[in-house]
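Peer 1: Quick one, what's the 3D model for this:
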Amino acid sequence: MNFRALVASFFAVVLLAACSPSGEPSSSAGDSAPRNDTVIAPSAPVAGSKAIAMIGLSESVYIWQRMWLPANIAALADSRGLFSELRVLAAQDQPGEGWIQARVHLPSLKSDGRAVRPVIRLDGRLPTLNADEVAGKAVVLIDAWRAAGVQVDGVEIDYDCAASKLDGYAKLLATLKAKLPGGITLSITALPSWMDSPALAGVLAQADEAVLQVHAVTDPTHGLFDPKQAQAWIEKFAQTDSKPFRVALPAYGSALVVDAQGHTVGVESEAGLPVAGQRLELFADPQAVANMVHALREKPPAHLTGFVWFRMPLPGDRRAWPLATIAAVIAGRELHADFVSDVVANGNGAFDVSVRNTGNLETLLPASVEVAGKGCSDADALPGYEVDRGGGKLRFVRESRFTLPATQSRPLGWVRCSQLTPADLHVQP
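Peer 2: Numbers count the residues shown, from 1 in each chain. The predicted structure is shown next:
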């Protein structure tokens, strides 16, 4: 999923579809334009089977690929202890492409057994929408997923329209609701910018539930999540209507793509954009999100029923938080980073040296790693590090501000020694 809209300028409000589930989903498993040269190692399943029972608010997650790969299926197994419901991109209608149905592996959703809510994304740039056509396609999709044995508990419409289009949106939802099969809940994503429109009441009247998108940027220096602004939006929305609502939470990073003139030409998230320009990386700080989640659990606003995390991380999705970080926030555990080092012998006395973040929080790569093996005579570093031989000691010294996400590994370079073990590597954070 890319973003809800392109950013007009750095100081315009940016509503993100990667923050909120809208934008242009990628058919790839991950991000082709990483924020650094971290090498991602497969993560272990998260030990969080009690997380759901520990809290009063429900936890769901968005799965946002148009084409499922084996990594999607593995992610289902890894996430079972974290999320009680899955919200899965099912179809998208956008200018130029038209209606595209996602290639979801329905047998995996069936065997997973959790409640599933297909999400239909309608691009806000579409000039018109045919309510009967959208409703008809939605019903066909729901029937097909149910027939495949998927535990469909509702459908979510993700329409990032301007507030001026809300009256028409309410009519579309009314048409859809009248045609939905029995037992299907109608959810919508809601934008904070809609709260000042009197037409929002008509939209919420048709929906059974709303998912408030609180990921926005008014200034890139604040990142893509401002907890104070998000808290204010949540409290205001809670007073808008008596319908139950959830809050979509960011678990990812994104980049504004800026051309030579300083104009924003795109927003890049889980898939790289084929445009030239400087990437201004923006991230949702896990601690800031954790603090807000804690406050909401301590004093839940009226009608708040849970959270929906965006997005389920897959290997290669370098801008998404790993499950270990999401699990720590859900369980209210302390966020921390920790490093272990490793060596792999390649013959003729050559060893590859790497570090791994075994904590649950992304952080800067180690400032240095000292090599204290026997007979170490030569070494070379990969970009981001340099070899320092001062004081008779051999070290890999960081020369960039690259970060290392939780559960991931990063090679530093190689050394030639007569003997070297992981215990001979001394990491300085």
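
Peer 1: Give the next helix or strand downstream of the helix or strand E156 falls within.
Peer 2: E156 belongs to strand 154-159 when assigned by DSSP states H and E. Downstream of strand 154-159, the next assigned helix or strand under DSSP H and E is helix 166-179.

Peer 1: so what does that following helix touch, helix or strand wise?
Peer 2: Applying 3 or more CB pairs under 8 Å, 6 or more residues apart in numbering; DSSP states H and E, one finds that helix 166-179 makes contact with helix 131-147, strand 154-159, strand 185-190, helix 200-206. Where you see a C-beta, it was placed from the backbone N, CA and C, and this is true even at glycine.

Peer 1: most packed of the ones you listed?
Peer 2: Among those, strand 154-159 has the highest mean neighbour count (mean count of other CB atoms under 10 Å), at a mean of 24.

Peer 1: Let me know the average pLDDT across the strand holding E156.
Peer 2: Averaged over strand 154-159, pLDDT sits at 98.

Peer 1: who wins for proximity to L89 among the helices and strands packed on helix 166-179?
Peer 2: Proximity to L89 (CB to CB) singles out strand 154-159 among the helices and strands packed on helix 166-179, at 8.7 Å.

Peer 1: other SSEs contacting that closest one?
Peer 2: Strand 154-159 packs on strand 115-122, helix 131-147, helix 166-179, strand 185-190, going by 3+ CB pairs under 8 Å, 6+ apart.

Peer 1: Strand partners (parallel or antiparallel) of the shortest one?
Peer 2: Right, the one you point to is strand 185-190. Strand 185-190 has its sheet partners listed here by DSSP bridges as strand 154-159 (parallel), strand 209-213 (parallel).

Peer 1: now the angle between strand 115-122 and the strand holding E156, please.
Peer 2: Between strand 154-159 and strand 115-122, the angle comes out at 20 degrees (axes from the mean of the first three to the mean of the last three CA atoms, to 10 degrees).

Peer 1: what does strand 154-159 contact?
Peer 2: With contacts defined as CB atoms under 8 Å, 6 or more residues apart in numbering, strand 154-159 is touched by 17, 20-22, 87, 117-122, 124, 138, 141-142, 169, 172-173, 176, 180, 184-189, 208-209, 211.

Peer 1: pLDDT below threshold where in the stretch 151-300 of the chain?
Peer 2: 216-223, 254-257, 264-275, 277, 279-280 (pLDDT under 70).

Peer 1: mind running it again at 90?
Peer 2: Applying pLDDT under 90 to the stretch 151-300 of the chain flags the ranges 215-224, 252-283.

Peer 1: Let me know which of the helices and strands packed on strand 154-159 is the nearest to G332.
Peer 2: strand 115-122 (23.8 Å).

Peer 1: For the closest one, enumerate the helices and strands it packs against.
Peer 2: Looks like strand 115-122 contacts strand 85-94, helix 131-147, strand 154-159 (3+ CB pairs under 8 Å, 6+ apart).

Peer 1: Mind giving me the packing neighbours of the first one?
Peer 2: With contacts taken as 3+ CB pairs under 8 Å, 6+ apart, strand 85-94 sits against strand 58-63, strand 98-101, helix 106-112, strand 115-122, helix 131-147.

Peer 1: will you turn the ones you listed into JSON lines that also has mean pLDDT?
Peer 2: Formatted as JSON lines, the helices and strands packed on strand 85-94 follow (pLDDT from 0 to 100):
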{"stretch": "strand 58-63", "mean pLDDT": "98"}
{"stretch": "strand 98-101", "mean pLDDT": "96"}
{"stretch": "helix 106-112", "mean pLDDT": "98"}
{"stretch": "strand 115-122", "mean pLDDT": "98"}
{"stretch": "helix 131-147", "mean pLDDT": "98"}
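
Peer 1: Find the residue at the geometric middle of this protein.
Peer 2: R311 (3.1 Å; CA atoms, centre = their mean).

Peer 1: Which of the contacts of strand 154-159 are buried? Put it as a PyMOL command.
Peer 2: Buried residues within the contacts of strand 154-159, by 16 or more other CB atoms under 10 Å, are selected in PyMOL with:
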select buried, resi 17+20+21+22+87+117+118+119+120+121+122+124+138+141+142+169+172+173+176+180+184+185+186+187+188+189+209+211
